[in-house]
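> Next one to model:
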Amino acid sequence: MQLARAHLIIMGRVQGVFYRAFARDIASQLGLRGWVRNLPDGSVEALFEGPKEDVEMAIRHCYTGPPGAHVNEIETDWQDYRGDQKGFQIRYY
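The predicted model follows:
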């Protein structure tokens, strides 16, 4: 099993539509670790860590998002797996 880490910037209509809770639920279903938070520019930032195929599946779900969301683009930065995340959190400023 290959482990992976992906840092995402999700752009579009992604705030005010429960996007963070959606990302948390997807991560929980897939057993991924990491976090998600809103950014001041209206985008959402997320970090997923776990088995690569599950991280890839989470990213595919992020393109759809919850009802009411409209994702224009996702910037994905694949990083070396670190194993430093504990669970999956919604972060606030």
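> Check which helix or strand the nearest residue to residue 8 once chain neighbours are set aside maps to.
Spatial nearest neighbour of residue 8, excluding adjacent residues (CB to CB, 6 or more residues apart in numbering): residue 46 at 4.5 Å. C-betas here are computed from N, CA, C, even on glycine. Per DSSP states H and E, residue 46 falls inside strand 44-51.
> ok, now residue 53?
Per DSSP H and E, residue 53 falls inside helix 52-64.
> That helix versus strand 44-51: what angle between them?
Taking axes from the mean of the first three to the mean of the last three CA atoms, to 10 degrees, one finds that helix 52-64 is oriented at 160 degrees with respect to strand 44-51.
> average pLDDT for helix 52-64?
Across helix 52-64, pLDDT averages out at 98.
> Setting the sequence-adjacent residues aside, check what's closest to residue 80.
Closest residue to residue 80 apart from its sequence neighbours, by CB to CB, 6+ apart: residue 5 at 6.6 Å.
> Just give the strands next to whatever helix or strand the one you found lives in in its sheet, each with its orientation.
Using DSSP H and E, residue 5 falls within strand 3-13. According to DSSP bridges, strand 3-13 forms sheet pairs with strand 44-51 (antiparallel), strand 70-79 (antiparallel).
> What residues of the very next helix or strand once past it count as buried?
Beyond strand 3-13 in the direction of the C-terminus, DSSP H and E gives the next helix or strand as helix 19-30. Neighbour counts over helix 19-30 (16 or more other CB atoms under 10 Å) mark 19, 20, 22, 23, 24, 26, 27, 30 as buried.
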